Structure formats: structure tokens, C-alpha cells
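1. My questions are about this predicted structure, shown below with the sequence.
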Amino acid sequence: MKILGIESSCDETGVAVYDTASGLLAHRLYSQVALHAEYGGVVPELASRDHIRKITPLIRETMADAGLQFGDLDGVAYTAGPGLIGALMVGASVGRSLAWGLDIPAVAVHHMEGHLLAPMLEQNAPQFPFIALLVSGGHTMLVLVKAVGDYAILGESVDDAVGEAFDKTAKMLGLGYPGGPVLAKLADSITDQEIANPSYTFPRPMIKHPGLDFSFSGLKTFALTTWRNSKQTEQEKARIAYAFQEAVVDTLFIKCRRALKQAEIKRLVIAGGVGANKRLREKLQSLDADVFFPRMEFCTDNGAMIAYAGAIRLQAGQKEDAVIRPKPRWSLEELSGL
Ligand code: KG4
Ligand code: ZN
């Protein structure tokens, strides 16, 4: 089956074609980062308009890359939620209508299920069951994944998501938007001498609490206070970025180790935008478990993960009615199995 996947839940328009027989045929991404940068964050109305402008050309280009005609498609998958309602509406309308026009089935994909299954696009895909650490701009979760659609949330953030904490801290340090990757780069620029003898050590929130929930908003405030009390030089900025990243990575490491032990599972999947963080990837490798990551470009939002998740569900016979029904709020635990 050849499935067209469409992602438009936030600030990237992603399109891909996945073939259940031969894998990923093509994928393209258009990022709206430059558009939102001057506002310091995503402006939902501008995001929706830009998706409208880009989605059709991107679909045509991706189909051409895959060497396919629309008549070759067997189904269309689109992100139906969670995400920004206007942005979701664009992908859902285009995806559902295209499927209707071509008289092929359509499937509404959960954005986080897309992230969760993204490592399946790689050569060494994980077997079920596994623990998934989902770390994006909107979510931080530890999930027990027994099979596609069988998800139990073991822990989640009680306040800011990790990506959000990265972005907000970066903004406070004047690093622009989206701050996560910029802050990470600055943190990675620190010298070996500083690593051996760090100027600052930030707290590891909630590690003494039993359970697997997270809290990251305090770290952001800690970073701000540290910055205000510092000499506010570029060097201090890098030191604070380093201390912040270390605290986040260490906290995620401790909670992952706890989740693996609790569930008696030795397989961990990392997904979502923060999964692109080099320090996190490096540190989690040292866990006593097999650790799986999607390639960098499939950590952040993309169409390939949506095409894949949709293909698995369409292959199992699932499909949508002819209605366009985006769900800005949608729990992973509401999903059905295959
Ligand atoms: O999954 P994603 O692309 O979009 C959402 O579904 O939210 O994740 C975006 C988030 C942003 O907060 C971004 O700053 C963060 O992932 N991010 C990173 C890195 N690359 C992206 N955070 C830390 N280090 C990175 N290298
Ligand atoms: Zn995402």
C-alpha cells in the first residue's frame, strides 16, 4: 500500500509517501521558523495561513519525488491532533478531501503516535514492548508501549514540556526562537575544563519524588535568577546553558532508568523534537537497555512519521468517515489497537 502522509499540527508542513512493501519513498518538509522568529514564538493564525500556502505544492513535489501519480495512492494519512486547531484544520481538510476525491481511504493520525512510531522507519526498528520517552515542544511523557495503539502513560510533565522549557530559557537568555537547538549548541560549546569543574549546578526536579512525573518550569526560573545574578557575559550565558541542559538531560536519564526498571523492560525509544538533542542521545546510550532513536530529521515534526503510522492503521483496515474532524486535544490513551 502506498500512503500519502500529511503533517500540519504546528509550525512545519510535512509530506511523505510510505509504501508498506518498500518503505519510505519520499518526504519533504517546509519549516515556518523564519516566519515566526520575529514574534519570538509560533503565531497560530500565521501558521494556518502558511500551511495553506505551502501544502499543495509540497504534496505535488513529494509525489513527483516518489515518482507516483495520485492514482497510484492507496490511502491518505493526516495529523488530526493534538495541535493548533487552525493548523490541524489545513492538513485534515486537504488530506480528507484528497482521499475523498481519489475514492481511497483516509486515516486520522495522532501526532504523538507518529513521533512514537518514528523509530520504526529506521533499519534497526525496536520490537514491542518498549518504553518510550516522548519529548517535544508540547509534551513530555514516559509511555509503556505494548503494541500499536496499546499505550499506558507512566508519567508526564506537570507543567512545562521539556522543549518548552528549552525554548523559554533560550528566550530569556536572548537566544531567539526556536531556542532549543540554539541553547543546546551553546551548551555544547563549553570547554572540557568547564565540564570538569562547572560554574553552576542546577537542581534535578522531582527526582526524589516517587513515580515518573516531571516538572521543568522551576528550572527555567532557576536559569533566569542565575543569569540575573551573573556578570551577564557571553561566557556566563554558555555556562548557564550548559548547566540547564545537564539538569534536563540528567533528570530525563534518571526517570527513564526508573521506568525501565519498574516495567522490567530493556528497550527504550526516544522520540519528539528534543530527541534531536546530542547530549541527551549520548547520555541515554549509557542506560542498561537497547536505546532507539529516529534519525535527527524524524525527531522533529515531519510527514514521514504520519505516513508510517497511517499506513499501519490503514493496513489493519482502519479508516475515517468522510468527515473532517481535527482534535486539538487528544490523549494517546484514547487510541485503539489494530
Ligand atoms: O516534536 P517537535 O518538532 O514539535 C512538537 O511536536 O512540539 O519538537 C519541537 C521542540 C522545540 O521545543 C525545540 O526547541 C525542541 O523540540 N528541540 C530541541 C532540539 N531540537 C529541537 N531541544 C533541545 N535540543 C535540541 N537539539
Ligand atoms: Zn511534534
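-> Received, thanks. Ligands and ions are numbered 1, 2, ... in the order given.

2. Stretch 32-49 vs ligand 1: in contact?
-> No. Applying Cβ under 6 Å from any ligand atom, one finds stretch 32-49 separated from ligand 1 by no less than 9.5 Å. All C-beta spots, glycine's among them, are computed from the backbone N, C-alpha and C.

3. Okay, and whichever residue of the stretch 101-250 of the chain sits closest to ligand 1 sits in which element?
-> Closest contact between the stretch 101-250 of the chain and ligand 1, by Cβ to the nearest ligand atom, is at residue 180 (2.1 Å). Element membership for residue 180, per DSSP states H and E: helix 179-188.

4. as a whole number, average confidence for that helix?
-> What helix 179-188 shows for mean pLDDT is 97.

5. do stretch 15-23 as well
-> Rounded mean pLDDT across stretch 15-23 is 98.

6. Convert it to PDB, retaining C-alpha atoms only.
-> Extracted in PDB, the C-alpha atoms of stretch 15-23 (Å, rounded to 0.1, in the frame of the first residue of the first chain):
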ATOM      1  CA  VAL A  15       4.500  15.500   3.500                       C
ATOM      2  CA  ALA A  16       5.700  11.900   2.800                       C
ATOM      3  CA  VAL A  17       4.800   8.800   0.900                       C
ATOM      4  CA  TYR A  18       5.300   5.500   2.600                       C
ATOM      5  CA  ASP A  19       5.000   2.100   0.900                       C
ATOM      6  CA  THR A  20       4.200  -0.800   3.100                       C
ATOM      7  CA  ALA A  21       6.100  -3.100   0.700                       C
ATOM      8  CA  SER A  22       9.300  -1.000   0.200                       C
ATOM      9  CA  GLY A  23       9.400   1.700   2.900                       C
END
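
7. how about the residues of the stretch 51-200 of the chain that lie near ligand 2?
-> residue 136 (Cβ under 5 Å from the ion).

8. low-scoring stretches of the stretch 51-200 of the chain, by residue?
-> Across the stretch 51-200 of the chain, nothing is flagged by pLDDT under 70.

9. residue boundaries of the helices in it?
-> In the stretch 51-200 of the chain, the helices defined using DSSP state H, counting those that start in this stretch lie at 85-102, 111-117, 162-172, 179-188, 192-196.

10. Now the residue sitting furthest away from the middle of the chain: which helix or strand?
-> The C-alpha centroid of the chain is most remote from residue 231, which lies 35.0 Å away (Cα atoms, centre = their mean). Residue 231 belongs to no helix or strand when elements are defined using DSSP H and E.

11. Flag every buried residue along the longest helix along the chain.
-> Assignment by DSSP state H gives helix 234-263 as the longest helix of the chain. Neighbour counts using 16 or more other Cβ atoms under 10 Å place 236-253, 255-260, 263 of helix 234-263 among the buried residues.

12. can you list the residues of the stretch 51-200 of the chain near ligand 1?
-> 136, 137, 138, 163, 164, 166, 167, 178, 180, 181, 184.
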